[in-house]
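Student: For reference, the sequence and a predicted model appear below.
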Amino acid sequence: MKEKILKQAQREHSPGKRLVALSIEGIFFLGVLPIALVYLSSLLDHQFEVPRLAYGVVNVVIGWLFIVAGFLFACWAVYVQFTIGRGTPAPVMATQKLILQKPYNYCRNPMALGTIVLYLGVAALIGSISAVALVLIGAILLLVYIKLLEEKEMEMRFGEDYQEYRKQTPFIIPRLWQRK
């Protein structure tokens, strides 16, 4: 099993193939998931008669602030992964190089952080407690997956370099000052 994971991860894909994969992932993460979040939270709010957190312009400002900040942070992480790491967020097109540069020196999972912030922004924008709960449940599941599976794969692929990086860099809560 270890050899199969390593063989798949070491396979480098052309920039064109990686762009196609990124396009499909983008449609899913920036289109399908936010729409599903709005739809499912609306159903849950209605089913359980959950009150809306409707504060007008406050929802709009906070929602868009989170959406834009999360989007930009996640896009930065994807860009660095695509250019420096020569990979994509999809495990089938894994990075070929351990990325230690910004934003990966702020936290080990800037893409996850960015998308969680983005989806919390959607939840704030629509003023839905159910949406916040769905985002938090999704975030917990994602972070458990990263911790239990992805980090083990990274350790297999990058060995001591990854172990040292993991010791020096926070998991998800960013460190805003530079590592020495």
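Tutor: Now that the structure is in, tell me what you want to look at. Numbers count the residues shown, from 1 in each chain.
Student: Show me what secondary structure element comes after the lowest-mean-pLDDT helix or strand in the chain.
Tutor: Ranking every helix and strand in the chain by mean pLDDT, DSSP states H and E puts helix 2-10 at the bottom, with a mean of 72. Next along the chain after helix 2-10, taking DSSP states H and E as the criterion, comes helix 15-27.
Student: Which elements pack onto that next one?
Tutor: Helix 15-27 is packed against helix 57-83, with contacts defined by 3 or more C-beta pairs under 8 Å, 6 or more residues apart in numbering; DSSP states H and E. Any C-beta I mention is one placed from the backbone N, CA and C, and that applies to glycine too.
Student: residues in contact with the residue nearest to residue 76 when sequence neighbours are not counted?
Tutor: Spatial nearest neighbour of residue 76, excluding adjacent residues (C-beta to C-beta, 6 or more residues apart in numbering): residue 103 at 5.3 Å. Applying C-beta atoms under 8 Å, 6 or more residues apart in numbering to residue 103 gives the contacts 73, 76-77, 80, 110, 174.
Student: hmm, back to that, list of residues touching the least confident helix or strand of the chain?
Tutor: Counting by C-beta under 8 Å, 6+ apart, residues outside helix 2-10 touching it are 91-92, 94, 96, 153, 156-157.
Student: Let me have those residues in JSON lines, extended by distance to residue 128, pLDDT and neighbour count.
Tutor: Formatted as JSON lines, the contacts of helix 2-10 follow (distance: C-beta to C-beta, whole Å; pLDDT from 0 to 100; neighbours: other C-beta atoms under 10 Å):
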{"residue": "91", "distance to residue 128": "31", "pLDDT": "79", "neighbour count": "13"}
{"residue": "92", "distance to residue 128": "33", "pLDDT": "80", "neighbour count": "11"}
{"residue": "94", "distance to residue 128": "35", "pLDDT": "87", "neighbour count": "24"}
{"residue": "96", "distance to residue 128": "40", "pLDDT": "91", "neighbour count": "15"}
{"residue": "153", "distance to residue 128": "35", "pLDDT": "91", "neighbour count": "17"}
{"residue": "156", "distance to residue 128": "40", "pLDDT": "91", "neighbour count": "14"}
{"residue": "157", "distance to residue 128": "39", "pLDDT": "91", "neighbour count": "18"}
